[in-house]
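Engineer: need coordinates for the below:
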Amino acid sequence: MRTMVIRGALRRSLRPALVAALGLLIVVALSPAAGGAQEPQQVEKLTIATEADKGNLTPYSFRPPPGIHSELTGLVYDTLFLDPYTEEPIPWLATEATASSDATTWTVTLRDGVAWHDGEEFTAEDVAFTYDYYREGPSNRYSHHASEVPVIESVEALDASTVEFTCADPCPTLDLVTLADLPILPKHIWENVADPQTYSDLPVGTGPYRLVEYVEDQSYSFEANEDYFLGPPAVQEIDMPIVPDPSSMFLALESGQVDTVTRNVPPELEERLEETENVELVEGKRFSSVFYRFNDERPPLDQQELRRALDLAIDRQALVDTVLLGSGRVGSPSFMHPDSEWYRPQDASFDPEQANTILEDAGISDSDGDGIRESDGEPVSLSIIVPANDPQQIRTAELITQQLAKIGVELETESLDPGTLSQRQNARDFELSSFQGVPHLLGDPTQMIESLDSLLFYSNPEYEMLRSEWFQATTAEQQSEVLSEIQALFAEDPPAFTLYYPDTKYAYNASAYEGWLPAEGHGIHHKWSLIPAASELMGVERVSQITPEESAGGGRASVYALVGAGIVALLALGVLLWRRSAHKTDEDQI
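Structural biologist: The predicted structure follows:
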């Protein structure tokens, strides 16, 4: 009888502990580590390795890939609307924008209470000055939005918080694209800058971070702007060493020297990083591509038949399978990124037999039987320039060399350092050039229209007619329809050879920071990952809220499995005790 009494008392004493343990497991399951956090944790310091020097991070310090520029500039500067890749405009420095019926005039209301890093008040005069400066000054990465696509004729500050924009043609996407892309400059500083291309002072913006130190080719250091209009950032300090070598960059992450890297993870490293303690992987949703520009001013690439044959001879699926190990999508003649709202699908054809037929019909044949075709008596021997620090692009060129050999075209690869590569590209000193597509080029329709002229030098009579229609469209829907026709035209006469769109997975140390926010088009390394209010404004979950199945890493899967198993075990024990207590003996009740 005494034994039965002890057992009954033991069961009664276990019940509170059982309830408490079950409650604890539920709390763990819903905790930030398990994906339920609504805001990022506060962190004193992060170390972020980036792959390239981007100057002193003003809008005029832009340097082409590799590396990220707009995202780094965005730490210091703000735009009127949040981001050019959203479905609807999201207010940022502006609170609203309204257009006239013909979409040529826009009235923009600005946010009150915003200050520059030096304490000066942000006003409509800064906005008007910025757009005039971009339009009238030297060209930069952003200036086409004021001077070309669209052409902004005037910007007037109506009062301290209201600005009026007038475009030469209808500009129906001004709030969605243009006002969401251009960083606003402080008039009181830049009105005294005679040559923005050589301006070397540290920048002053309204953004969430101040750039407090920049050592050329070595590092950046940022400090949080505690007076930011959306509240203090989640991370107080950011150290950003510049690490051009991909292997060194990821070794630094594995060893804990850095907390994340801005380069997306090569497919061959994914498994190794997933097994590294505290390292998580996430799909960043960044718009990225690799495409080949061709110089159609140089024979024999001035012949459309040859360009069409080269395009047909490229096996893009083989490139994805071999170079990307399947982690990507085949390139499309549409040129824009498949996840962009402006993308209209066009399939790239792989047909070496048709390529050979096109070349024969064009009189580009192998007359001497050496395996290389001739055009106007000269061997069709081409060269391509590629970045020496990008193994994927080098390997891609090697495979395409083999593919083109099957149609009698010789291809030689030149691997160049990023600086020399950029100089050669800007001077059009190449026959073919490997180029990394960036978000602005792959997701912004106005940039694509501008780049067809300034980057790709596209010439096609049908395109010129469609381009005119684009500029006369008064709604975003009308512009989208015209852009669809332009992308359909690319299927037969491409402005470039888009090879593939790589998946963009990023690695980070989860024990250091889990507030990363995968923003459509941008990846995770941007200011929104560091602003607590951004997740709700953008309607995007942070990685700490994403389930392991949605994340690329899956490192928390074991946590979820253990929590789930614990809950099941405790529930089973509780049911057992309850059933046994329902059949108590008299001794149990003493």
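
Engineer: only C-alpha atoms from now on, for both contacts and neighbour counts.
Structural biologist: OK.

Engineer: in terms of contact, does Glu96 touch Thr109 like I think?
Structural biologist: Yes - if you go by C-alpha atoms under 8 Å, Glu96 and Thr109 touch, sitting 5.5 Å apart.

Engineer: now the strands for the stretch 1-150 of the chain?
Structural biologist: Listed in chain order, the strands of the stretch 1-150 of the chain (DSSP state E, counting those that start in this stretch) span 43-49, 94-99, 105-110.

Engineer: of those strands, flag the one that's most buried.
Structural biologist: By mean neighbour count, with neighbours taken as mean count of other C-alpha atoms under 10 Å, strand 105-110 ranks first of the strands of the stretch 1-150 of the chain at a mean of 22.

Engineer: now what about that strand, what contacts it?
Structural biologist: 80, 93-100, 123-124, 161-167 (C-alpha atoms under 8 Å, 6 or more residues apart in numbering).

Engineer: tally of neighbours for Asn192?
Structural biologist: Residues contacting Asn192 under the criterion other C-alpha atoms under 10 Å number 9.

Engineer: contacting residues around it?
Structural biologist: Per C-alpha under 8 Å, 6+ apart, neighbours of Asn192: none.

Engineer: what about the helices in the stretch 251-400 of the chain?
Structural biologist: 270-274, 304-313, 316-322, 352-361, 391-405 (DSSP state H, counting those that start in this stretch).

Engineer: next, the contact list for the residue nearest in space to the middle of the chain, please.
Structural biologist: Computing the C-alpha centroid of the chain and ranking residues by C-alpha atoms, centre = their mean puts His522 first, at 2.6 Å. Taking C-alpha under 8 Å, 6+ apart, we find His522 in contact with Glu71, Gly284, Lys285, Arg286, Phe287, Pro439.

Engineer: then Ile531?
Structural biologist: Here Ile531 is in contact with Pro208, Leu230, Gly231, Pro232, Pro233, Ala234 (C-alpha under 8 Å, 6+ apart).

Engineer: and the first one, what pLDDT?
Structural biologist: Read that as Pro208. Pro208 carries a pLDDT score of 98 in this model.

Engineer: these two touch, right, it and Lys527?
Structural biologist: Yes - using C-alpha under 8 Å, Pro208 is in contact with Lys527, at 7.2 Å.

Engineer: need the overlap of contacts for the two.
Structural biologist: With C-alpha under 8 Å, 6+ apart, Pro208 and Lys527 have common neighbours Leu75.

Engineer: neighbour-wise, which of these two wins?
Structural biologist: Shown here are Pro208 and Lys527; by other C-alpha under 10 Å, Pro208 has more neighbours (29 against 22).

Engineer: not counting its neighbours along the chain, what's nearest that one?
Structural biologist: Nearest residue to Pro208, sequence neighbours excluded (C-alpha to C-alpha, 6 or more residues apart in numbering): Asn225, at 5.0 Å.

Engineer: that neighbour and Ser454: what is the separation?
Structural biologist: Look at Asn225 and Ser454: by C-alpha to C-alpha, to the nearest Å, they are 37 Å apart.

Engineer: which one's more surrounded, those two?
Structural biologist: Asn225 (21 against 11).

Engineer: mind listing what the more buried one touches?
Structural biologist: His117, Gly207, Pro208, Tyr209, Arg210, Pro232, Pro233.

Engineer: ok, now which ones touch the first one?
Structural biologist: Meaning His117. Counted by C-alpha under 8 Å, 6+ apart, His117 has contacts Val204, Gly205, Thr206, Gly207, Arg210, Asn225.

Engineer: thanks a lot, catch you later.
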